[in-house]
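Engineer: Next come a sequence and a model predicted from it.
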Number of protein chains: 2
Amino acid sequence: MEKAKDDPVDLEIIVRDEPAGHKSELRLWLRLLSTVNMITQEIRQRLRAEFAITLPQFDLLAQLDRAREGLRMGDLSKRMMVSNGNVTGLIERLETDKLIVRDFDPVDRRVIVAKLTPLGIAKFRIYSKAHEGWLADMFADVDPVTAKALMKHMATMKGSVAAHLTRGA
Amino acid sequence: MEKAKDDPVDLEIIVRDEPAGHKSELRLWLRLLSTVNMITQEIRQRLRAEFAITLPQFDLLAQLDRAREGLRMGDLSKRMMVSNGNVTGLIERLETDKLIVRDFDPVDRRVIVAKLTPLGIAKFRIYSKAHEGWLADMFADVDPVTAKALMKHMATMKGSVAAHLTRGA
DNA sequence: TCGAACTATTTCAAATTTCAATGATCTTCG
DNA sequence: CGAAGATCATTGAAATTTGAAATAGTTCGA
């Protein structure tokens, strides 16, 4: 006796789980997102309260600190994962504050390279140390084993995501 | 023969690890952040391309979809982890599009409750299904064991962070 | 070498976002 | 009751952010 496609039980399951039961992925995503948001807001608030600097500006300084020879606007945009126009505005404000400078590339005159000034380096050193301390505080109850597992599993997840992007497949 | 504090090797380690060796926390944070950014940008782009809706608007609709009886502006603000003023602007645009409505609370006239319209419910249902599918795609290479471990470990991390916030301890 | 196709950056409009200040309403307590 | 203090939401200014269009410069093939 055949059953399959007309089995009422199967239909019931299908209806309840429309359309493909991806709830667990959604839950994982929401947990990831809310945790990151929580941390982000805490850092934003502390940067403002203690150093009167915004989080996006801190992020940009951090990129330049890691690349002392400077970065092109486009590279900054890619590394920060924000739009080109966004970087232009941030750079303008930081240049006004004398924390960075813009230099034209003599070889390719379309290219602009931004780098930290000595003042920018000095100030970021201070911000950066505090920032690391805040993270260590917030992660204090995460034991090393858990942290290590997270590093590994997040690498897996990041790889999966990167492999399934619409654009940069 | 005593050694300890004058041991050159120990000093070397200390110097290299100034000021308190929180590099591993920083690395974990950056990995978390970049992964979430990658996913966020992908979802933002797909929402725009396929449904002509912005990510913040989708997020707000999602909150209201989970609370069919409606939410106060302040609750929306807390759940979305954004400022009060931000929610006001988002709600105004969504109200213009007839996706949500605002009602005064008859008991407490300071309170405003936002809820989905039937149109909002119908449209969000479509957006939501697509959204879940995109997540499932992006997480396709994350095996269930890894996913389960991530759920658990992210709960630990979220708890640690929540316990060490400046504000809402 | 000319011009079409690319590439790097800026510009612009609209939306988002924060933070502080304001307005309106409630609550409490003398 | 009635004012001080607390709560809820909006407003306004400045910064951030996106996405598309515009600018300027480079490259490469006919």
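Structural biologist: Everything's here; your move.
Engineer: need the residues of chain A near DNA strand D, please.
Structural biologist: Taking CB under 7 Å from any atom of the strand as the contact definition, chain A meets DNA strand D at A:54-57, A:81-86, A:89-90, A:93, A:107-110. Heads up, the C-betas are built off the backbone N, CA and C, glycines and all.
Engineer: Out of those, which end up buried?
Structural biologist: Buried by 16 or more other CB atoms under 10 Å in any protein chain shown: A:56-57, A:82, A:90, out of the residues of chain A next to DNA strand D.
Engineer: Now stretch A:129-149: average pLDDT?
Structural biologist: Here stretch A:129-149 scores 98 as its mean pLDDT.
Engineer: what's that stretch in contact with?
Structural biologist: In this structure, residues lying in contact with stretch A:129-149 by CB atoms under 8 Å, 6 or more residues apart in numbering or on different chains are A:39, A:42-43, A:46-47, A:50-51, A:58, A:150, B:19-20, B:22-26, B:28-29, B:149, B:153, B:156-157, B:159-161, B:163-165.
Engineer: Could you do stretch A:91-111 as well?
Structural biologist: Applying CB under 8 Å, 6+ apart, the contact partners of stretch A:91-111 are A:57, A:60-61, A:64, A:70, A:72-73, A:76, A:112-117, A:119-120, A:123-124.
Engineer: Tell me if that stretch is near DNA strand C.
Structural biologist: Yes. Contact check for stretch A:91-111 against DNA strand C, using CB under 7 Å from any atom of the strand: residues in range are A:91, A:102, A:108, A:110-111.
Engineer: Which two among those are spaced furthest apart?
Structural biologist: Checking the residues of stretch A:91-111 next to DNA strand C against each other with CB to CB, the farthest-apart pair comes out as A:91 and A:108, at 18.2 Å.
Engineer: touching chain B at all, stretch A:157-165?
Structural biologist: Yes. Under the criterion of CB under 8 Å from any CB of the partner chain, stretch A:157-165 makes contact with chain B via A:157-165.
Engineer: where's that stretch relative to the chain centroid, distance-wise?
Structural biologist: Distance of stretch A:157-165 from its chain centroid, counting by CA atoms, centre = their mean, to the nearest Å, is 15 Å.
Engineer: again, but for stretch A:116-123
Structural biologist: 23 Å.
Engineer: Going by neighbour count, list what's buried in that stretch.
Structural biologist: A:116-117, A:120, A:123.
Engineer: among the contacts of stretch A:129-149, which ones are buried?
Structural biologist: Listed as buried from the contacts of stretch A:129-149 are A:39, A:42-43, A:46-47, A:58, A:150, B:22, B:25-26, B:28-29, B:149, B:153, B:156-157, B:160-161, B:164; burial here means 16+ other CB under 10 Å.
Engineer: So which of those are in helices?
Structural biologist: A:39, A:42-43, A:46-47, A:58, A:150, B:25-26, B:28-29, B:149, B:153, B:156-157, B:160-161 (DSSP state H).
Engineer: Which parts of chain A are helices?
Structural biologist: According to DSSP H, the helices that chain A contains are A:8-16, A:23-51, A:55-66, A:73-80, A:84-96, A:118-138, A:144-163.
Engineer: Of those, which shows the lowest average pLDDT?
Structural biologist: Here the helices of chain A differ in mean pLDDT, and the lowest is helix A:8-16 at a mean of 38.
Engineer: Pull the residues that contact stretch A:73-83.
Structural biologist: By CB under 8 Å, 6+ apart, the residues outside stretch A:73-83 that reach it are A:56, A:59-60, A:63-64, A:67, A:71, A:84, A:86-88, A:91, A:112, A:114, B:34, B:37-38, B:41.
Engineer: Tell me how far residue A:97 lies from chain B.
Structural biologist: 24 Å (CB to the nearest CB, to the nearest Å).
Engineer: Give the phi and psi angles for that residue, as a check.
Structural biologist: In this entry, residue A:97 is assigned phi and psi values of phi -80, psi 0 (degrees, to the nearest 10).
Engineer: Chain A against DNA strand C: which residues are in contact?
Structural biologist: A:41, A:44-45, A:48, A:72-75, A:84-85, A:87-89, A:91, A:102, A:108, A:110-113.
Engineer: Of those, keep whichever come out buried.
Structural biologist: In the residues of chain A next to DNA strand C, burial by neighbour count holds for A:72-73, A:75, A:87, A:91, A:112-113, counting by 16+ other CB under 10 Å.
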